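Visitor: I need the structure of the sequence given here:
(one chain, ligands or ions: 1)
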Amino acid sequence: MSSLQPPQDTRNGKRMLLNHPGPGDPDEQTPYSSYLCSEVLHTLQRPLSDSPAEPAFMVNAQVMELYFGLIVHEVRTAQGELRSEQLGQATATLRRTAAHFRALNGNWLSLSWMTPVDFGPIQRGIAEVHGRRQFSALQSWMFRWMAFLLGSRSTDGLASLEGTPTRLRELREILGQPTLYDDVLGLLTRSGHPISADRLQRDFAAPYVPHPEVGEVWRTVYQAPEEHGELFALGETLADIAEELTTWKYRHLMSVRRTFGNRDGYFGEPTVAWLSPTLDEIPFPELWTARAAVE
Ligand code: HEM
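Guide: Numbering: from 1, shown residues only. Model prediction:
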């Protein structure tokens, strides 16, 4: 076999691996491949169509999944640091998180050339294997976890996970736990900016309801950044994260517009109409509203 002809798994009559040499001998590892699991990593791209666009779509979606997971890890680390009063460390962790988000959003550039003609065959390939109405990116449980940690309480996507009850149960548990913002409010209180107990011990599974009392705390911090330097730095880092999450949603929406239009999605509703309102769910609400009161 020529080196340009990789071994192919032709299940479903489709090429299942990208055009590289394919799986190596699992017993043969270098320290590099052992550390990065690169021998496994390069066997995880299994396009379902013959579309030349699918490798780029699949690899970018996989990279984004990895970033969702990394961001979840960082945010949970920051929550632990906030709970143990390590404000400087938590801000450093969240600054790292904002940097990951920027790189995640840069990924959209690698898909910026896609048109409906590129996306159609990919969608048909997926539908052939998984069924027309069975597949949805709402099934990205890692995205949902990230969104929950950053404050979303939308359960719209959960029904699509009924086929994976363990993940569904985990997500329902996560939904009942404090968000990053809840931990920030706890830290603000312990730093001498008291916030009422009913806002701190709320029902975490319910959507957060913004309150002027919290807005006043942020206004105080932003009014005198030299006096509240550490909290100001925390606030600006949270603002970076909120902006980058919203940027991800915006770039996703524009990619959907360019490649799919306003066709019906998983719910049977026009996709653009369903996705657009999610752009208004900007995390850490009083961090934004308080700015109007800063003089
Ligand atoms: C560029 C072509 C893309 C199209 C046409 C597209 C289409 C859609 C549609 C129609 C939805 C709404 C749910 C549904 O009906 O299934 C959705 C949601 C979603 N997509 Fe995409 N998508 C694209 C790229 C991506 C990529 C590259 C990712 C990266 C993993 C991704 C991740 C998601 C996630 C996480 C959601 C849920 C968003 C939320 O709940 O707010 N999509 N997409």
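Visitor: please identify the helix or strand for the closest residue to Leu175 other than its chain neighbours.
Guide: Distance criterion CB to CB, 6 or more residues apart in numbering; nearest residue to Leu175, sequence neighbours excluded, is Ala205 at 4.9 Å. Any C-beta I mention is one placed from the backbone N, CA and C, and that applies to glycine too. With elements delineated by DSSP states H and E, Ala205 resides in a region that no helix or strand encompasses.
Visitor: pLDDT value on Ala205, please?
Guide: Note for Ala205: predicted pLDDT of 98.
Visitor: isn't it right up against Ile174?
Guide: No - when contacts are counted by CB atoms under 8 Å, Ala205 is not listed as touching Ile174 (9.6 Å).
Visitor: neighbour count winner among these two?
Guide: Ile174 (18 against 14; other CB atoms under 10 Å).
Visitor: can you list the buried residues in the helix or strand where the more buried one lies?
Guide: When elements are assigned from DSSP H and E, Ile174 belongs to helix 165-175. If you call a residue buried by 16 or more other CB atoms under 10 Å, then helix 165-175 has these buried ones: Arg167, Leu168, Leu171, Ile174, Leu175.
Visitor: can you give me how far the following helix or strand past that helix is from the chain middle?
Guide: Following the chain from helix 165-175 toward its C-terminal end, the next helix or strand by DSSP H and E is helix 180-190. In this view, helix 180-190 has its centroid 22 Å away from the chain centroid, taken as CA atoms, centre = their mean, to the nearest Å.
Visitor: now helix 180-190: average pLDDT?
Guide: Helix 180-190 comes out with an average pLDDT of 98.
Visitor: what is the subsequent helix or strand relative to it?
Guide: Per DSSP H and E, helix 180-190 leads on to helix 197-200 as the next helix or strand towards the C-terminus.
Visitor: give me the contacts around that next one.
Guide: With contacts defined as CB atoms under 8 Å, 6 or more residues apart in numbering, helix 197-200 is touched by Asp182, Leu185, Gly186, Thr189, His211, Glu213, Val214.
Visitor: packing partners for the next helix-or-strand element following that helix?
Guide: Following the chain from helix 197-200 toward its C-terminal end, the next helix or strand by DSSP H and E is helix 212-223. Other helices and strands packing on helix 212-223, by 3 or more CB pairs under 8 Å, 6 or more residues apart in numbering; DSSP states H and E, are helix 180-190, helix 229-259, helix 285-289.
Visitor: which residues are contacting helix 212-223?
Guide: Where contact means CB under 8 Å, 6+ apart, the residues beyond helix 212-223 that reach it are 185, 188, 193, 195-196, 199, 228, 231-232, 235, 286-287, 289-291, 293-295.
Visitor: mind giving me the ChimeraX command for buried ones among these?
Guide: A single ChimeraX command selects the buried members of the contacts of helix 212-223 (16+ other CB under 10 Å):
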select :185,188,193,195,199,228,231,232,235,286,287,290
